[in-house]
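Participant: can you look at this prediction? I've put the sequence above it.
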Amino acid sequence: MATTLSPVAVEEPKIGGRGPTVVPPPRDGWGGRRPDDHRDRLRRYRIGMFFALAAVVMLFVSFTSAYIVRQGVGTWSDASARYVTDWKPLRLPPILWVNTVILLASSFTLAMARRALSRKLIAASRRGASPVAAPALLVTDPHAIPWLTITFVLGAGFLAGQVLAWGEMRHMGIFVATNPSSSFFYVLTGAHGLHLLGGVLALAYAGLTSLLRKPLATRFLVVDVTALYWHFMDFLWIYIFALLHFAR
């Protein structure tokens with residue numbers, strides 16, 4: 001006589017026989033996981049990403065505090081009978097405006113990539129088909145726009161534009177140690193660039209999951225979490241650019 005438990009079935013042991021036999025839960029069309037497992041994984045990854053972004057926020061809050069405080073630091077001048085500061089406002093390279101537009105465009109294309117994968121995931125769940133067992137779901141539509149690839153190119157273009165912006169600053173004779181304001185410019189833009197480089201690598205991995213024919217649910221998870229990080233980097237850059245432009 002067998003007793004059925006959820007989600008596994010446990011068979012009562014017979015006298016002189018082996019112990020209880022645990023029957024694994026049935027697999028379905030989600031790469032060996034149930035839809036609830038997929039949603040749980042997605043929620044855990046999002047929570048982990050929020051914790052990571054909270055650390056990034058604290059880092060740039062400290063940079064902002066130091067930036068504002070350093071602007072007001074001065075020394076007393078007997079000649080002019082007032083406090084003078086060595087802070088000199090910077091003239092930002094015009095290419096930063098172009099870089100901003102590129103980064104905003106990349107957020108749009110990544111949102112479209114996530115939307116396209118979400119539609120495929122919903123279609124797969126309605127059909128009850130496994131992305132692994134149905135290779136047609138993994139084949140790229142020849143008429144579809146490669147949003148993920150476009151996002152990767154735009155992200156790399158933004159980083160290249162930042163390098164050009166630093167080159168323009170050096171061409172104007174403004175280096176890291178030239179002035180406190182220039183030091184903060186390189187620190188803020190450099191720290192953001194390093195974090196965005198991590199996002200570019202995540203985009204490359206997301207594209208690799210498609211080439212390796214990973215389950216559709218896994219591909220969506222990677223793109224969803226990457227999009228969360230990428231959109232944050234987008235808003236962070238707008239904040240940094242506004243700080244450098246209006247609080248010089």
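Facilitator: Cool, got the structure.

Participant: looking at this structure, which helix is longest?
Facilitator: Counting by DSSP state H, the longest helix found in the chain is helix 35-71.

Participant: number of residues surrounding Val57?
Facilitator: 12 (other CB atoms under 10 Å). C-beta: built from backbone N, CA, C; applies to glycine.

Participant: oops, could you answer that again for Thr149 instead?
Facilitator: Counted with other CB under 10 Å, residues neighbouring Thr149 total 14.

Participant: contact partners for the residue lying closest to it once chain neighbours are set aside?
Facilitator: Computed as CB to CB, 6 or more residues apart in numbering, the closest residue to Thr149 that is not its neighbour in sequence is Gly207, at 6.7 Å. Going by CB atoms under 8 Å, 6 or more residues apart in numbering, Gly207 touches Leu148, Thr149, Phe152.

Participant: tell me which of those is nearest to Leu96?
Facilitator: For those, the minimum distance to Leu96 (CB to CB) is 21.3 Å, reached by Phe152.

Participant: how far away is that closest one from Lys88?
Facilitator: 38 Å (CB to CB, to the nearest Å).

Participant: got it, and Glu168?
Facilitator: Counting by CB to CB - Glu168 and Lys88 are separated by 17 Å.

Participant: quick check, pLDDT for the residue lying closest to Gly161 once chain neighbours are set aside.
Facilitator: Spatial nearest neighbour of Gly161, chain neighbours left out: Asn99 (4.0 Å); criterion: CB to CB, 6+ apart. pLDDT recorded at Asn99 is 98.

Participant: you'd agree Asn99 is up against Glu168?
Facilitator: No - at 11.6 Å, Asn99 does not count as touching Glu168 under the criterion of CB atoms under 8 Å.

Participant: tell me the secondary structure for Arg91?
Facilitator: coil (DSSP: H, G, I helix; E, B strand; the rest coil).
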